[in-house]
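# can you look at this prediction? I've put the sequence above it.
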Amino acid sequence: MSEQLIQKYDLTLATPECHPNVDWYRAFIKLSNDITEVLPYLNAEFDGANYDHGGKILLWANKNKKYAFRPCEIAIVPVETREEAQRLFNNIVSLVNEIWLRRDEIKPNFEDKKAPPNVLSIYNLLPKTNCRECGFTCMAFATALRTDFSKLSLCPYLSEKNYANLVS
Ligand code: SF4
């Protein structure tokens, strides 16, 4: 069991769609393999993580950074420079790989740790334009996201950072 879970990834920095003029970035890496299986182990190891097993997404706040783990992506906000992003991803990829290698010693946790936020709190993070790019109205999207935060990426105007602040 010596093989590392994450071996290759590409790093991208993007200005958050909902805040085009800010001086920080959303940094993310696209993974060449699926890391779904490690998510319950991260949920067991990361204090305060918020996990949706069915939705295959785990959110975690650590040292003023918000992390989002999806099957083939890890995202971090806020990040100021590519160098900072590279350092953070080096650290988090090492940590994920280390937890994966120790998985036989860890009891995986498949449960959500917190009650979901209320619909109005989510709605207040949205621009309320009802543009329907997500396939819903803003209120319907807030209602759907409350119990299924894998829908997070459907609204390009919702800040992942603000949402992570709400649920962590
Ligand atoms: S994508 Fe959906 S939630 Fe986002 S602003 Fe448009 S209607 Fe509202």
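In hand now; what should we look at? Residues are numbered from 1 along each chain as shown.

# does Tyr51 belong to a helix or a strand, and which?
strand 50-52 (DSSP states H and E).

# over to Phe141?
Element membership for Phe141, per DSSP H and E: helix 138-147.

# okay, now the domains of this structure?
9-105, 119-167 (automatic domain parsing).

# what pairs with the strand holding Tyr51, parallel or antiparallel?
Strand pairing for strand 50-52, determined by DSSP bridges: strand 57-62 (antiparallel).

# and the contacts of the strand it pairs with?
39, 42-43, 46, 48-52, 66-70, 149-150, 152, 163-165, 167-168 (CB atoms under 8 Å, 6 or more residues apart in numbering). (Glycine included, C-beta is placed from N, CA and C.)

# ok now it, how far from the chain's centre?
In terms of CA atoms, centre = their mean, to the nearest Å, the centre of strand 57-62 is found 6 Å from the chain centre.

# quick check: mean pLDDT across the helix or strand following that strand?
Once the chain leaves strand 57-62, the next helix or strand it forms, by DSSP H and E, is strand 65-70. Strand 65-70 carries an average pLDDT of 90.

# what's the answer for stretch 145-164, then?
The model assigns stretch 145-164 a mean pLDDT of 82.

# what are the ranges of the strands in the chain?
With strands called from DSSP state E, the chain shows them at 9-14, 25-31, 50-52, 57-62, 65-70, 73-79.

# please tabulate those strands in a markdown table, including the columns distance to the ligand and mean neighbour count.
Listed next are the strands of the chain as a markdown table, based on distance: least, CB to the nearest ligand atom, whole Å; neighbours: other CB atoms under 10 Å:
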| stretch | distance to the ligand | mean neighbour count |
| --- | --- | --- |
| strand 9-14 | 17 | 14 |
| strand 25-31 | 16 | 21 |
| strand 50-52 | 18 | 22 |
| strand 57-62 | 17 | 21 |
| strand 65-70 | 17 | 21 |
| strand 73-79 | 18 | 20 |
